[in-house]
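> A structural model of the following input is requested.
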Amino acid sequence: MKNVFSRLFRVLNSSSGHPHEDFLTEVFAELLCDQEMMIDFLGNVLEIPVQEVKYSSIQTQVTFPALPHHQMDSRPDMVIRFYEGQESYVLFIESKLGSPEGTDQLSRYADHLGVLTNQGTNCYLIYLTQYFDEKDVSLILANQKNVVFRQKRWFQIFKWVKQLEAKNIYASKVLDYMEEIGLEDNRQFTPVDVYAIQNMNRLQRMMDECMDGVTDGVMTEHFGKAIQQNNRHTQLKYMERYVKASEQEGRATEVVVGFYITDEDYPFVSVVYEFCPRRCPDVPKVVAAMQNFMAAHPDWRTFNLNTDAEWQGISCDRRLIDFLHHEDHINEIQKFFLEKLKELHEIKVKNPDLYWK
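Reported below is the predicted structural model:
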């Protein structure tokens, strides 16, 4: 049987945005509710020299209204408040499991903390990532010299929790879950990894062939030329997808075809129409067009609508395994892409003013 957190995750998988990130935040916040764990975490992981913690509170997904010079509200994953004697402390923790930093996300958080430092509070901004993502502190703290920035990796958290698991039953369950989602401190290649590396070029060529050729021709005809091929590697690193994307007017919307890495045993092969709420001048109009389209095409689904996700929209997905019974996998995937791109073109025909190229 799966670890309890993995079972709960399946129940909560309808969460918008990045569900593993949101779920791990809740799991980790519960661990820090233990006073001894909190003090140890502050001192030995974050290197914040405190001897005692009083009147502590931990909140997750707290929204801070946009400051006058911000374009949007801010919502750090975790906010920790406490006192040591008469000194007050506030920590913003932002966690990333593969996803990229949002638009000026850390700088906006630093600005909010800067307001608190002006009131005499000791403020720390913690950026906690699964993968290496070094930040330029001078840019993040450009206007907030009194805020302290700390950057940590999740494998470091794993090592810290592992030292304490004998004292805390809950910590051992957290470790089980972290192992299952790949946050353990095992930095060794497995035989499967070696095989994947040896076949990396072949797999990439096959995926490229699915998206290029006739697929690229139809995509260009209906939605304009796709962005450069090297963008596919950026998408794979930060968004766990290897795709071809055609950005529309002002990057308000985009049409995407390609391969999406999932929490299931197989990746998805998908065609996507998505919009960026921050850039899209008329979100209700785009959403209405999507809903009208889905009424006639029930195999499409929505994702992330009415959330603070960077990209929201509709997609038509097939599991890669569904194509494996055919003799020519690439040909069948291309057929799927062509069929769904032609369907999607109906939105453009019926709504020519929706920020197309």
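
> for the record, mean pLDDT for whatever helix or strand residue 111 lives in?
Per DSSP states H and E, residue 111 falls inside helix 105-117. The average pLDDT for helix 105-117 rounds to 96.

> And for stretch 320-336?
97.

> Can I get it as CSV, trimmed to CA atoms?
The C-alpha coordinates for stretch 320-336 follow below in CSV (Å, rounded to 0.1, in the frame of the first residue of the first chain):
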residue,chain,number,x,y,z
LEU,A,320,1.0,7.7,-24.5
ILE,A,321,0.3,4.0,-23.8
ASP,A,322,-3.0,4.4,-25.8
PHE,A,323,-0.9,4.7,-29.0
LEU,A,324,1.4,1.7,-28.4
HIS,A,325,-0.9,-0.9,-30.0
HIS,A,326,-0.5,0.7,-33.4
GLU,A,327,2.3,-0.3,-35.7
ASP,A,328,3.5,3.3,-36.3
HIS,A,329,3.3,5.3,-33.1
ILE,A,330,4.6,8.5,-34.6
ASN,A,331,2.0,8.5,-37.4
GLU,A,332,-0.9,7.9,-34.9
ILE,A,333,0.3,10.7,-32.6
GLN,A,334,0.5,13.0,-35.6
LYS,A,335,-3.0,12.1,-36.6
PHE,A,336,-4.2,12.9,-33.1
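
> mind checking how far that stretch is from the chain centre?
28 Å (C-alpha atoms, centre = their mean, to the nearest Å).

> Show residues contacting it.
With contacts defined as C-beta atoms under 8 Å, 6 or more residues apart in numbering, stretch 320-336 is touched by 206, 209-210, 213-215, 259, 265-269, 271, 318. Heads up, the C-betas are built off the backbone N, CA and C, glycines and all.

> ok, of those, which one's closest to residue 235?
Using C-beta to C-beta, residue 259 comes nearest to residue 235 of the contacts of stretch 320-336, at 9.9 Å.

> Would you enumerate the residues in contact with that closest one?
So residue 259 contacts 207, 210, 241, 242, 243, 267, 268, 269, 270, 320 (C-beta under 8 Å, 6+ apart).

> mind redoing it with 10 Å?
Neighbouring residues of residue 259 by C-beta atoms under 10 Å, 6 or more residues apart in numbering: 203, 206-207, 210-211, 232, 235-236, 240-243, 267-270, 320, 333.

> Let's see the PyMOL selection covering just the buried ones among these.
Filtering the contacts of residue 259 down to the buried ones (16 or more other C-beta atoms under 10 Å) takes a single PyMOL command:
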select buried, resi 207+210+211+232+235+236+240+241+242+243+267+268+269+270+320+333
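
> Low-confidence regions, the stretch 1-150 of the chain specifically.
By pLDDT under 70, the weakly predicted segments of the stretch 1-150 of the chain are 1-19.
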